[in-house]
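Chemist: need coordinates for the below:
(3 chains)
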Amino acid sequence: MGSNALTIIVYVVLGTIAGSILCVIPALHIYNVAGIAVVLWMGTKSLIPYYSLAPFFMSLVVSFAFLNTIPRTFLNTADESAGASMLPSTDMVTRGRGKDAALMTGMGTLAGAFMLLVLYPFFWFIWPYLARVTGPHLHWLLGLIIVHYIMSEWPKGAGRGDTIWKKFKDAWRNVFAGLLTFTLAGTFGIIFLSKPILPAANSFQNIMPVFIGFFAIPSIIQSLLSNYNPPKQYNSKYINADWGDFSYGLLPGFIGGMLAAYLPAVTAGIGAMLAGHTTNHRNLERTEFRPPKEEGTIIDLHTPEMYYRQERLFMIAGGTIKILYYVGAFLLLFVLTELTPYGTGRGGLTFILKPVFIAEPGDFFVMASTIVLSASLSFILLTYVASLMTKILTKLNLKFIYFLALVMVFTIIYIIGGGLMGIGVSLITACIGMIPVFYGCRRSHAMAVLLVPITLNMAGYGDSIIHLLRLA
Amino acid sequence: MSQNLKDNKAEDGGNCPICGYFVGLASICPRCGARVEKRLAIKVARKIAIFGSILGIVLLWYAALLKEPEKINIGDISATMNNALVEIEGRVTSININEEKNSLKLSVSDGTGDGVTINAINKLNKFKEALGENIPSVKDTVRVVGALNVSQSWGSSMFLSLPSRFKLVERYEIKDRNIGDISVSDEGDLFRIDATIKEYEQFTTKSGYLLNRFLLADDTGEIEMVLFSSDFESLPKETRYALTKEGSRFSMLAEVSTYRGDPQVAINNPSDPESIKVLSSAGGKMPADMSMELKKIKASKLTSGNIGESFKVTAEVEESGLGAGGVYLSLSGTNIEIMITYDQQEQIRNFDKLNDGGLITAPMKLVSSDYGPELRIIDVNRTVVK
Amino acid sequence: MKGLTHFISGVAAATFIPQAVRMSISSRMDIEGAASSFILVLAGMYGIMPDTLDFKFGQFFEMSDFVVDPDPENPDPVQMARKFKEAVEKADRTGEEVRIQYFPTQLGTNKWRQYCIVFEESKVSIQLNEIVSTSQIPFMGTAPKGKRVGRAKFSQKLKSRSEEIDWLNKLIRFLRQKLKGPDRKGGTVKPSTIDILSSTMFGLKKEADGRIYFNWLPWHRTWSHSYVLAALMSLPVIGITYLLNLEYWWLYGVVSFVGMATHITEDMTGHIGGSLLWPLLRPRTEGFELFKASDPRTNFSVIYTAFIFIIFNIDRFTTRLITGGPGAAMPWWLFLLLFWILPMFIYFKVVANIKKKIDEKKKRIKEEEEEEDPDGMGDAVID
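Modeler: Purely as a prediction, here's the structure:
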């Protein structure tokens, strides 16, 4: 047992370091890395002992949850969960506060790692009931997410124009784009999942080119087309947040994280959006009209501290949601109770490891310890890498990095994502993924690729659609 | 205008040249309607985004339409093929039709691997309607297209929802055979035999399974037949009664297997009434109280002195747990547990209720296991859960 | 209330209909009536429908008599104030409702020019402020260096409450006063701030006492917030489900109505109210003014309550694992006590503590400044 524990620790450290190095590469998702790692492991099973397999992969994902903050913050790239912490952090980089943004997100992620431990009684005594009660109702619960997601995209245009149609057109630009993205992604998902066209040999990664196309490629293209030129970054010893910010961040972090960890196809971005709508702490304090302070004015519009706090909360809660989504979803596989004898694990890693791994009673504590160890190491690494980025960011040739990232994602697709056919699939989804970029709607609309077919299949309409598309 | 603002504009680079309003990537200013000159790349990218995605989806649909699922050997299935849409062809090794749950479950083997479980959950009626007489039986050769689900817990399986993705390739022809002609080379084959019961005994294996052993004979020779208690209990009452009487004659569908180098047989698909027919019963007519033969008892009244006896047991379940062989139910008032195999679990109606406690009544036999006395259900069809 | 609040409370209300819940459970379950139905999604969809009609459609159907769309490079507050004066004068002259719309000014991806409109009884002032981000946080030092304030006086007097109200509005006003005590004597209209995304429209109408009734967002919560419309909009649902030959086709209409009616009823707790019986009674009725629509405490407590009741109802009508079943975890009252009342109590205690700290801080700042608010100052009422 003692030597086993030591071996596990070694593999957790190795997993953390490997994940940390790889995740700094823009647009590289840990599930791509995990996919390659599983293939390698199957080839030489002696590489990782079976009992260290899950801790190793868990630490890969934990370090990803921390270290992918670096490319997202400093290199302006995003994956499917970018909605959780993308905008304010990019904004902070443009003000030279990239390290602040990265560390705030990282501390939120660290808080989330400890939250996963504190939630043990919840996972063991309440969660199984929630999972069992909602399980047979998932199709309409996902239907609710879809409908709310579509209906809550309000027009961003102000509605200018001298005719009703012109006003409508001006305001609805983003709504139209959102509907179009959702419809195209949903249609793509129905066809692709009804009859996958990629080769069978590596089909466990067949959704990978789809996601790279939806999220990574448009981000890289956007970055290549943009004039993103970050200014010199401050290398402060402190972060601009207090303990209050972290306590405020707990509730939205928990709500958004659990939604994303449990509901299929609901990502951290969608979870963050719903959590933000649910808690909406900003309005505890409102802007206030006060007597004038400056000469030549009649009023002072006071922006309360809560508005500034909200910006920080967005990053902190975003970090927490991220780890609950990536890591919590996998940890739920180990919640083996009478009501949930096979756990309720979801997410990419659960899917990748399912063919080679079985969760057994008692594993939960091994995995919880793995999370703590890996999270602590990852956070330390994050602080160093964030400091390093403040020094080198302005010296980096970002266009070249984006170009390399583009070459790399296509290489990965070619090797394990279905070869040329996989590249073709990713190009189609990249086209759909570029619509939100160029028309200003939510990028998570692309998640319709899974939301729509999963919901329809759960409700039992999958067969009719396959017939309709003549794909039977 | 402040210097700051001008800097901001320069940084964004997306403002209207006429009125200065921010237009982002739009080509017409929403405020003044002026046409805004854009870099060619953005214009092109926007067009590619819209037209490329629509054209791409059409192409994807066309590619899917033309796509023929890869035909694979079951032995070639690996973890990286999880989720693959593939075609397999093989013999049906077992079939489970659950009318109540409207489900069809097949095991298919092509001789290259462990076999694949094909699940058509809640689709039985749909398959019956579409396939008619082509509903498969054991030993039939079938071709199935489906998405693979590879799991360390459950092995390889496929979810089958469309009858059009299932084809009966060849119906297995069952031939008559004399017992003396059956040899080890017939392993895996199915024959119709006429046999007389020469010996019968019931015994418990080391791992606690209850088995029924028969010696069958005809004019040409003898052969052994072994039935698990669950298979035995799934037979009609009259058949079970006759099977236990030496001298009874049967016509049965027997599947050949080998045991320590000798051939033996088992009744194929015992729950199917066509699988075994009583030609003559040595015990005469079955007594009217046959169904009442088991004594009713509460589990809490059982002791180790009852090992080997069968009862109609009523037990109050306190907790349930999972083990290698099946589900273990802890009972109130006794240390004796009930072990239910996963196959039995699937057949017991309302089994889920036992996860939270509940009452179970069933014909059971108390057997000795490594963990002490254990109750085994001997007739799932007569099991009631409340 | 917020969109999600309406959405989820509509669903929660519909889960009190046992048949709707049973139809919704997966048909794989061994429960009578299980049909994998999406009926409860209709409750959510109709729960958010009134605001969808307003903010996605209604506001664009309304044309303004006066439009103020400031020049991004050289905004002129005097001109902007003068427009308002012209609108007031036209309202006075014609007796018709005159509408004036103020547009936001976007300067960059994340940059907007903020301006405030301060109303006094016979004067309007426009003040240009800093550039703000989309999070409404000002960029320091970006306020215009030159002319920042424009004023326009007029001879007419503005008022924030209408006196020309119908019987329903009188009834609501009477009930509100019984509930909350007499209405505040505010008199003047609250200031408005325009910065990000959407424009603001004001309706101005001369009433019998000669004063101009100032109506903020005159298109909001009118025809869309009507129980009659809710009933009418459930008819197509009934028709479609009937034609599709769905079992319990009529229930789909009932669930849709319940979702929309829940929204309309919830909005009555706010300030603006709704046109409850449109088209039978067209004017907008005031609300009970119990909560501000954006108050996070109200929204969160309603969302959480709705969530708990959704779980409670879907369990007791289908799975029966938590309450109601033979081996259920606990009695219903214990579930509600542990998972609804107790958490709500803790939440309100914690939030009350936070709010107290915020108010104390505000008070301290105010004392330090030792100056009186100008007339009409305070929180902007956004409902």
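Chemist: and the stretch 251-386 of chain B, which residues reach chain A?
Modeler: Within the stretch 251-386 of chain B, the positions near chain A by Cβ under 8 Å from any Cβ of the partner chain are B:319-322, B:355-356. Any C-beta I mention is one placed from the backbone N, CA and C, and that applies to glycine too.
Chemist: so which of these comes closest to residue B:78?
Modeler: residue B:322 (26.8 Å; Cβ to Cβ).
Chemist: can you name the residues that contact the closest one?
Modeler: Contact analysis of residue B:322 by Cβ atoms under 8 Å, 6 or more residues apart in numbering or on different chains lists A:341, B:328.
Chemist: who's it bridged to?
Modeler: residue B:327 (DSSP bridges).
Chemist: could you check the pLDDT of the closest residue to chain C within the stretch 201-350 of chain A?
Modeler: Closest residue of the stretch 201-350 of chain A to chain C, Cβ to the nearest Cβ: residue A:277 (4.0 Å). pLDDT recorded at residue A:277 is 88.
Chemist: what is the neighbour count of it?
Modeler: Neighbourhood size, residue A:277 [other Cβ atoms under 10 Å in any protein chain shown]: 22.
Chemist: for residue A:234, same thing?
Modeler: Residue A:234 has 12 nearby residues by other Cβ under 10 Å.
Chemist: same question for residue B:369.
Modeler: 18.
Chemist: and if you look at the one 3 residues further on?
Modeler: Summarising burial for residue B:372: neighbours were counted as other Cβ under 10 Å, giving 11.
Chemist: which residues of the chain score low on pLDDT?
Modeler: Just going to use chain A. Confidence mapping of chain A against pLDDT under 70 gives the ranges A:1-3, A:45, A:76-87, A:228.
Chemist: wrong chain, I was asking about chain B
Modeler: B:1-14, B:25, B:34, B:37-41, B:206-209, B:284-293, B:323-325, B:356, B:370.
Chemist: select the longest helix from it.
Modeler: helix B:53-66 (DSSP state H).
Chemist: hey, where'd the strands end up in the stretch 201-350 of chain C?
Modeler: Secondary structure of the stretch 201-350 of chain C (DSSP state E, counting those that start in this stretch): strands at C:212-216.
Chemist: all helices of it, in order?
Modeler: Using DSSP state H, counting those that start in this stretch, the helices assigned to the stretch 201-350 of chain C run over residues C:227-243, C:249-267, C:296-314, C:332-336, C:342-369.
Chemist: likewise for chain B?
Modeler: So, for chain B - with DSSP H - the helices run B:3-12, B:40-47, B:53-66, B:124-131, B:229-233, B:237-243, B:342-347.
Chemist: my read: residue C:293 touches residue C:270, true?
Modeler: Yes - using Cβ atoms under 8 Å, residue C:293 makes contact with residue C:270 at a distance of 4.8 Å.
Chemist: how about the nearest residue to the most centrally placed residue in chain B, chain neighbours excluded?
Modeler: Central residue of chain B (Cα atoms, centre = their mean): residue B:105, 4.7 Å from the mean position. Nearest residue to residue B:105 in three dimensions, chain neighbours excluded: residue B:96, at 4.2 Å (Cβ to Cβ, 6 or more residues apart in numbering or on different chains).
Chemist: my guess is that neighbour contacts residue B:119, does it?
Modeler: No - using Cβ under 8 Å, residue B:96 is not in contact with residue B:119; the gap is 9.7 Å.
Chemist: what is in contact with those two at once?
Modeler: B:103-105.
Chemist: in strands, which of the residues you listed appear?
Modeler: B:103-105 (DSSP state E).
Chemist: for those residues, which one is nearest chain C?
Modeler: Taking those together and measuring to chain C by Cβ to the nearest Cβ, the closest member is residue B:103, at 9.3 Å.
Chemist: which residues does that closest one bridge with?
Modeler: Going by DSSP bridges, residue B:103 forms beta bridges with residue B:98.
Chemist: quick check: it vs residue B:118, distance?
Modeler: Distance, residue B:103 to residue B:118, by Cβ to Cβ, to the nearest Å: 11 Å.
Chemist: and what of residue C:196?
Modeler: With Cβ to Cβ as the criterion, residue C:196 and residue B:118 are 56 Å apart.
Chemist: who's more crowded, those two?
Modeler: More crowded of residue C:196 and residue B:118, by other Cβ under 10 Å: residue B:118, with 23 against 19.
Chemist: for chain C, what lies in contact range of chain B?
Modeler: Looking at chain B, the residues of chain C close enough under Cβ under 8 Å from any Cβ are C:27-28, C:30, C:69, C:71-74, C:103, C:105-109, C:111, C:131, C:139, C:141-145, C:321, C:325-328.
Chemist: filter the residues you listed to the buried ones?
Modeler: Buried by 16 or more other Cβ atoms under 10 Å in any protein chain shown: C:27-28, C:69, C:71-73, C:103, C:105-109, C:111, C:131, C:139, C:142-144, C:321, C:328, out of the residues of chain C next to chain B.
Chemist: now do the contacts for residue A:14.
Modeler: For residue A:14, the contacting residues are A:56, A:59, by Cβ under 8 Å, 6+ apart.
Chemist: let's see that with 7 Å instead.
Modeler: Taking Cβ atoms under 7 Å, 6 or more residues apart in numbering or on different chains, we find residue A:14 in contact with residue A:56.
Chemist: report the separation between it and chain B.
Modeler: Distance, residue A:14 to chain B, using Cβ to the nearest Cβ, to the nearest Å: 21 Å.
Chemist: so that residue is in which element?
Modeler: Per DSSP states H and E: residue A:14 is located in helix A:2-23.
Chemist: how far is that helix from where the chain is centred?
Modeler: Its chain's C-alpha centre and that of helix A:2-23 lie 23 Å apart, by Cα atoms, centre = their mean, to the nearest Å.
Chemist: after that helix, which helix or strand is next?
Modeler: helix A:30-43.
Chemist: buried residues, that following helix. List them.
Modeler: Buried residues in helix A:30-43 (16+ other Cβ under 10 Å): A:30-35, A:37-39, A:41.
Chemist: in terms of secondary structure, what does the helix or strand that it is followed by contact?
Modeler: The helix or strand immediately downstream of helix A:30-43 is helix A:50-67, counting by DSSP H and E. Applying 3 or more Cβ pairs under 7 Å, 6 or more residues apart in numbering or on different chains; DSSP states H and E, one finds that helix A:50-67 contacts helix A:2-23, helix A:30-43, helix A:98-118, helix A:347-353, helix A:363-392.
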